[in-house]
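Student: below are the sequence and a predicted model; questions follow.
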Amino acid sequence: MPELPEVEVVRAGLERHVRGATIAAVEVLHERPVRRHPSGPTGFAAALTGRRIEGARRRGKYLWLPLDDGDAILAHLGMSGQMLVQPVAAPAERHLRVRFALTGVGPEVEGRELRFVDQRMFGGLSVSVGGADLPSEIAHIARDPLDPAFDDAAFVARLRTRTSGVKRLLLDQTLISGVGNIYADEALWRTRLHGERPGNRLTRAQAVELLGHAREVMNEALAQGGTSFDALYVNVNGESGYFDRSLHAYGRADEPCDRCGTPIRRVPFMNRSSYYCPRCQPAPRSARPKA
DNA sequence: ATCGCGACCTGGTTGC
DNA sequence: TGCAACCAGGTCGCGA
């Protein structure tokens, strides 16, 4: 599943391969991915045909392509979305949803098209009116920790006013964007914090350390993922290569903790799972079953 | 303002 | 063997 580092790799690939290209035609093969676009597939295609793509930007896991008229294509990859730059003649992918015919000069564009492929269709595309600089649809989303303008002190202060468990807060896009289930668990493991510890029970030092670890984990993943996808075939295939090697908690139920050897525990969390070391990351009193 | 939960999706895997 | 249940999980919208 694409997390922030993978989305950044996709953004960089799009910047390189479709910047400057003009959209000659749009074909929507499944209407669900454009469900957020008010005028549907027809309006989506009409709004984009003839527009030139000026670049590729990102906030958290959202991507957008600024256009020459001040609008933007806003995209989210969801859990299984891919943006592919493919030869026009390449056979359609099994889950091809939207196809953008491109025209332009240079080998990056010639004979190629942009494809949105998404198996589970949690992802989506829409046209953001006037959204070239920052789509209004995502203006409420906080900056992500890899953004140079991310305000560390403000994040720490807000985190420490909240009563929710700190894992839930890490996933709150209005506080910090780009952190998903995997990196939340990894950042908590590194900080030796249990995800159910309330935000307002963290010391300032703990909150600062947690943010630092979240940033660190994502930077490490970006460093590894960035080398393996440097191809014309802009790809995120669900496997960043980082997952298998460097995870200490996520997906490691019953395996020994890399620090203390205690089996990693898996518990249900918001219709998914949390993984943590019960010894390094003891549950707060409030989360322990009453005797 | 904040909190917490269910719905949305598909396909691979697990369990009976 | 067949089929149902489960699992992955980011975001949105809802009621409290």
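Tutor: That came through, no problem.
Student: tell me the bridge partners for residue A:81.
Tutor: Residue A:81 forms beta bridges with residue A:118, as assigned by DSSP bridges.
Student: so for it, what's the pLDDT?
Tutor: Per-residue confidence at residue A:81 stands at 88 (pLDDT).
Student: what's the answer for residue A:86, then?
Tutor: 88.
Student: for it, pull up the helix or strand it's in.
Tutor: Take DSSP states H and E as the rule and residue A:86 turns out to sit in strand A:81-87.
Student: report whether that strand contacts DNA strand B.
Tutor: No. Strand A:81-87 stays clear of DNA strand B (Cβ under 7 Å from any atom of the strand), getting no nearer than 11.5 Å. Glycine gets a C-beta too; all of them are placed from N, C-alpha and C.
Student: helix or strand next in line after that strand, which one?
Tutor: Later in the chain than strand A:81-87, the nearest helix or strand by DSSP H and E is strand A:96-103.
Student: that next one near DNA strand B anywhere?
Tutor: No. Using Cβ under 7 Å from any atom of the strand, strand A:96-103 stays clear of DNA strand B, coming no nearer than 10.3 Å.
Student: tell me what the strand holding residue A:86 is packed against?
Tutor: The helices and strands touching strand A:81-87, judged by 3 or more Cβ pairs under 8 Å, 6 or more residues apart in numbering; DSSP states H and E, are helix A:4-18, strand A:112-118.
Student: what's the angle from the last one to strand A:81-87?
Tutor: Using axes from the mean of the first three to the mean of the last three Cα atoms, to 10 degrees, the inter-axis angle of strand A:112-118 relative to strand A:81-87 is 160 degrees.
Student: distance from the chain centre to strand A:112-118, please.
Tutor: From the chain centre to the centre of strand A:112-118 is a distance of 18 Å (Cα atoms, centre = their mean, to the nearest Å).
Student: what do you get for stretch A:107-125?
Tutor: Offset of stretch A:107-125 from its chain centre (Cα atoms, centre = their mean): 16 Å.
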